[in-house]
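[1] next come a sequence and a model predicted from it.
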Amino acid sequence: MPAEELELIQRSLNGDLEAWGEIVARYKEAVFAVALSILRNRADAEDATQDAFLRAYENLRRYDLSRKFSTWLFTVAANVAKNALRKRRRAKDPPVEEVARDPAEEVHADLRLAAVRRAVQALPPDYRTLVFLYYWHGLGVAEIAEVLRIPEGTVKTRLFRARAMIRARLVEEGVIPDAVG
Amino acid sequence: MRWDEVEELVRAALAEEVREGARRLAGLEERVVGELARRPVRRSPWARLREFFRQPVPRWALVGAACALLLGFALGRLTAPKPIPQFAPNLFVIAAPGARQVAVVGDFSAWQPIPLSDPDRDGIWTAVIPLPPGRYEYAFLVDGKWVGQDPLAQEYLRTFGEYVSVRYVGGGRADRSS
């Protein structure tokens, strides 16, 4: 852990909220990405991001300094988002936000990028979260296993399946040929 | 299109999605800090104890305190006065060749890092910290990595899945437990 970050955490542990605000500024986008991958709704992801930082601050004494801070923070965020998802399912609210662009706008955009985006959005939630952690956060298999509290073997198999699903969708849309390198 | 190109597109697609959503996050720091500031402060047992002793004292407590004081004087005459605790220099040392930053954290510093130094660059990092007699829990941070087992410690504890070292200052363990 960088010394500067360690100092911010130590100051936060001593009740320095300004230091915690700095941690929030550094990690808010990454935490939001975790929440968005699970909740698939920007407003819910925003709420979950805020809750995750509040929860993390309250539980900061439980953070083990030998672990990577971001991994611990993402674990908290994933738990908060999963709880929000359960509540939403119980309330039977419309869950998934359609974030596809306006078709007219898409004409000017990279069609392949739009297709990939749709393919990722169509993934089942567990797979989508994993794809986010792997491709966006750049986490390794071991770290993903730690964040999602699943065995490393499960991470690997789900990653392979997620890739297969994305590929199938892109073949179906004619973006890539059937056999991809 | 090769699969690694698809992977690049996946990264780009996710980045785009997060970027669009992240516009909502403006001012999140202030909202989080504001919310935490509004919440009641969770105080440590020590803080609560300090506050207890700072509270106005009722009369019965004053009478009780006076009685206790008299009793204390009487008993004090029968026993030898105890020496005032002295701060003794304590050497904290760890071998960490190639390390860039080494610190010791412990209950004596409220787990705030106290830097160790290695002026001759031989990989032996040291700090001398004056401490009154007592039992102290501590660990080293070597480039931010927790090193909980000091070979010079008298005991090890395992908490939160990590080791911490224990050192007794100003006498052996028997002295401390008495």
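    That came through, no problem.
[2] which of the three states applies to the spatially most central residue of chain B?
    Nearest residue to the geometric centre of chain B (C-alpha atoms, centre = their mean): B:Trp111, 1.7 Å. At B:Trp111, secondary structure determined by DSSP: H, G, I helix; E, B strand; the rest coil is coil.
[3] where does the nearest residue to it once chain neighbours are set aside land in three-state SS?
    In this structure, B:Trp111 finds its nearest non-sequential neighbour in B:Val105, 4.9 Å apart by C-beta to C-beta, 6 or more residues apart in numbering or on different chains. All C-beta spots, glycine's among them, are computed from the backbone N, C-alpha and C. At B:Val105 the chain is in strand, as set by three-state DSSP.
[4] report the beta-bridge partners for B:Val105.
    Beta-bridge pairing for B:Val105 (DSSP bridges): B:Ala139.
[5] in chain A, which spans are helices?
    Under the criterion DSSP state H, helices of chain A are mapped to A:3-13, A:17-39, A:42-58, A:69-91, A:103-108, A:111-121, A:125-131, A:141-148, A:152-172.
[6] ok, the residue nearest to B:Trp111 to B:Gly148 distance?
    B:Val105 sits 10 Å away from B:Gly148 when distances are taken as C-beta to C-beta, to the nearest Å.
[7] which neighbours do those two share?
    Between them, B:Val105 and B:Gly148 share these contacting residues under C-beta atoms under 8 Å, 6 or more residues apart in numbering or on different chains: B:139-140.
[8] ok, the residue nearest to B:Trp111 - how many residues close by?
    B:Val105 has 21 neighbours, counted by other C-beta atoms under 10 Å in any protein chain shown.
[9] what do you get for B:Leu91?
    Neighbour count for B:Leu91, taken as other C-beta under 10 Å: 9.
[10] can you pull the contacts of the residue nearest the centre of chain A?
    Of all residues in chain A, the one closest to the mean position by C-alpha atoms, centre = their mean is A:Val34, 2.0 Å from it. Contact analysis of A:Val34 by C-beta under 8 Å, 6+ apart lists A:52, A:74, A:77-78, A:81, A:129, A:132-133, A:137, A:147.
[11] and with 10 Å instead?
    Going by C-beta atoms under 10 Å, 6 or more residues apart in numbering or on different chains, A:Val34 touches A:27, A:45, A:48-49, A:52, A:73-78, A:80-81, A:129, A:132-133, A:136-137, A:147-148.
[12] do the same with A:Asp126
    Residues counted as contacts of A:Asp126 (C-beta under 10 Å, 6+ apart) are A:37-38, A:148, A:150, A:154, A:158, A:161-162.
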